[in-house]
Every structure is written in C-alpha cells, then in structure tokens.
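Undergrad: Requesting a structural model of the entry that follows:
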Amino acid sequence: MKKAAAFSLGCVYLRTVIAIATASQKGGVGKTTLCINLAYSLARRGWNTLLVDTDPQGGVGLSLARSTKAKQGFYDFLTGEKNFNKLVLSTRLPELQILPAGQYDACARQGWSPAEVPARLADLLRAAELRGVDCLIIDTAAGLNGMSESVVKACDYVILPQQAEPLAVRSVPHMLETLSRFRAEGAGVKVAGILLTMVMGENQISQKVVAELRALLPADLMFEQSIPRMGSFLEASAMGVPVALIKRNPPPEALIFDQIAAEIEQRTGLLQEREASDNHASLLD
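TA: Coordinates of the predicted model:
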C-alpha cells in the first residue's frame with residue numbers, strides 16, 4: 001500500500017490510501033455499475049472515496065451525468081499539465097468525489113509516453129492521499145493490457161467482476177494467470193476477490209456456472225455476495241444515479257452493494273486502518 005507522512009498537532013503519523021481497480025477480460029460484465037454503486041456505498045459508510053474513470057469511453061461519466069464527458073479528468077492529468085484538485089468533481093455526498101475520464105482523444109493527440117504512465121499514476125495516488133482520500137475505486141477499460149494493465153499494476157487490489165455465463169469457467173483462470181504474471185514482474189497488486197455479476201436466479205445455466213466457479217476456486221477468492229441481473233440497475237443508469245437513489249426509500253437491491261462494501265472493508269484492511277486511526281486519535285484525548 002502507498003503510505004505518506006502527514007502531520008497533526010505536531011505529531012507525525014502514517015496515512016494510507018487504498019487503491020482498488022476493477023478489471024475484466026471483456027466488456028458488458030457490469031464493471032461500471034459495480035464501481036459506481038460500490039463507491040457510493042463506501043462513501044455512505046464514512047470512507048472518503050474517489051471514483052476514478054480510466055476507460056477512454058467514459059462509462060462512469062455516461063452513467064452518472066452526460067455533462068462529465070465534456071469535462072477534463074484522468075487523461076488530462078496524465079499529460080502533466082492539469083492540477084489534480086481542479087479535475088476532481090464533488091457530489092452531494094461529501095465523502096464521494098469523482099475523477100472523470102476526461103478528454104482522451106485530445107490527450108492522445110497531444111501525446112504522452114507509455115513509459116511515463118506508472119510515474120503519473122503514482123503521482124495521482126499521492127495527490128489523492130494529500131486530498132484526504134481513504135479509498136480509490138478505479139474503473140478500467142475491458143482487457144488487461146495497455147492502460148488497464150498499467151492501472152491495475154499501480155493499485156493495491158483488483159476486483160474481478162465475472163458474468164455468470166459458461167465462458168467464465170474458462171476465462172477466470174486466464175485472468176488469475178495474468179495477474180500472477182503482473183506480480184512476478186514486480187507489481188504489488190492483490191486479488192480482492194472474484195465477484196459474480198448478472199446472476200439469474202431462475203436460469204439453470206447461470207446457476208450451474210455459479211456452482212462450478214465456487215467449487216473450482218478457493219472460498220476466500222470468491223465474494224460471498226453476488227450481483228443479480230435486475231432492471232433497476234438499468235433504471236439507475238438511465239437516471240444517472242446509484243441504484244440506492246432511484247427511489248425515496250432505497251430498493252432492497254441497494255443493500256447488495258452495502259454488503260459488498262462490507263466485504264471490501266475486510267478484504268483490503270480498510271477496517272484495520274480505521275481502527276488504527278481511532279487509536280491515534282485517542283492518544284490526544
């Protein structure tokens with residue numbers, strides 16, 4: 001994890017920001033839906049959360065607010081000419097902020113060296129830490145190559161959302177092999193877990209895939225919670241909000257992401273960081 005010294009009342013302490021990417025071999029597995037709703041749930045649970053969109057197509061921005069597509073963001077930061085704090089967007093939930101994808105085409109024309117990307121990603125993590133961010137949830141483009149590879153390698157953890165379809169039984173081992181290669185190359189990223197998505201409770205094929213994957217993989221590698229295929233997620237995307245906000249009273253499916261957030265707290269050590277912070281605070285009483 002990335003650590004930096006900070007100062008409070010003359011005492012030096014370590015503050016840690018945890019970066020969590022989501023990655024998949026192909027698109028259409030619900031990765032962006034996961035990022036948006038997980039970031040919202042973590043923020044509701046009191047974590048200062050930054051949702052980062054690194055997909056050139058800007059899926060997060062398109063899902064939340066069409067106007068963000070015209071704003072600068074992640075790719076503008078990569079060029080080194082834009083101040084991080086001026087690119088981050090605030091939301092009505094103080095604990096949740098967004099760094100949209102930004103102007104990929106314009107930045108691509110301006111050009112940046114692929115060799116410089118890891119250093120710029122490290123700069124982004126440091127800037128987020130100085131801003132008081134506890135946790136970054138990072139959406140990536142499909143595939144584990146190019147920018148997505150660089151982003152995953154720069155993170156502490158990666159979540160692997162996997163659609164409950166027959167292809168998953170073959171693609172998951174390949175994803176895990178690729179991540180093992182990243183670690184062999186020096187990356188510190190760990191697998192937070194494999195999260196089954198678009199599960200259809202009444203579909204025998206979907207349920208068979210769920211059973212096969214849970215039998216094939218170690219239990220601690222699989223999230224206990226899964227995400228069903230539900231129309232409310234499409235409704236939330238059309239409204240430009242997390243699913244918890246589509247009605248005055250959050251629908252039952254909104255609790256799914258709260259349960260996933262609780263698993264993330266355990267799997268990534270977020271709770272330990274909070275307990276350590278509380279202990280430091282008690283020394284000043």
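Undergrad: Relative to the whole chain's centre, how far out is stretch 104-115?
TA: How far stretch 104-115 lies from its chain's middle: 23 Å, per Cα atoms, centre = their mean, to the nearest Å.
Undergrad: And for stretch 125-141?
TA: Distance, stretch centre to chain centre, for stretch 125-141: 9 Å (Cα atoms, centre = their mean).
Undergrad: Please point out which parts of it sit buried.
TA: Within stretch 125-141, the residues scored as buried using 16 or more other Cβ atoms under 10 Å are 125, 127-129, 133-141. C-beta coordinates here come from the backbone N, C-alpha and C atoms, glycine included.
Undergrad: Adding pLDDT and distance to Leu221 as columns, could you present the residues you listed in TSV?
TA: Shown next, in TSV, are the buried residues of stretch 125-141 (pLDDT from 0 to 100; distance: Cβ to Cβ, whole Å):
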residue	pLDDT	distance to Leu221
Leu125	95	25
Ala127	95	32
Ala128	96	27
Glu129	95	28
Val133	97	27
Asp134	96	25
Cys135	97	21
Leu136	98	22
Ile137	98	20
Ile138	98	20
Asp139	96	22
Thr140	96	20
Ala141	94	24
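Undergrad: which residues in the stretch 151-285 of the chain form helices?
TA: Per DSSP state H, counting those that start in this stretch, the stretch 151-285 of the chain carries helices over the ranges 167-184, 204-216, 231-239, 254-268, 270-282.
Undergrad: Please convert the ones you listed to a markdown table, extending it with distance to Thr91 and mean pLDDT.
TA: Below are the helices of the stretch 151-285 of the chain laid out as a markdown table (distance: least, Cβ to Cβ, whole Å; pLDDT from 0 to 100):
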| stretch | distance to Thr91 | mean pLDDT |
| --- | --- | --- |
| helix 167-184 | 31 | 92 |
| helix 204-216 | 34 | 92 |
| helix 231-239 | 15 | 76 |
| helix 254-268 | 16 | 94 |
| helix 270-282 | 20 | 61 |
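Undergrad: Need the winner for burial among the ones you listed.
TA: Counting by mean count of other Cβ atoms under 10 Å, helix 254-268 has the highest mean neighbour count of the helices of the stretch 151-285 of the chain, with a mean of 19.
Undergrad: for that one, packing partners?
TA: strand 11-22, helix 31-44, strand 157-163, strand 190-197 (3 or more Cβ pairs under 8 Å, 6 or more residues apart in numbering; DSSP states H and E).
Undergrad: still on that earlier bit, now, the buried residues of stretch 125-141 that are in helices?
TA: The members of those that map onto helices under DSSP state H are 125, 127-129.
Undergrad: quick one: which of those is nearest Pro252?
TA: Nearest to Pro252 out of these is Ala128 (Cβ to Cβ; 32.6 Å).
Undergrad: Isn't the closest one up against Leu50?
TA: Yes. Shown here, Ala128 and Leu50 form a contact pair, counting by Cβ atoms under 8 Å, at 5.4 Å.
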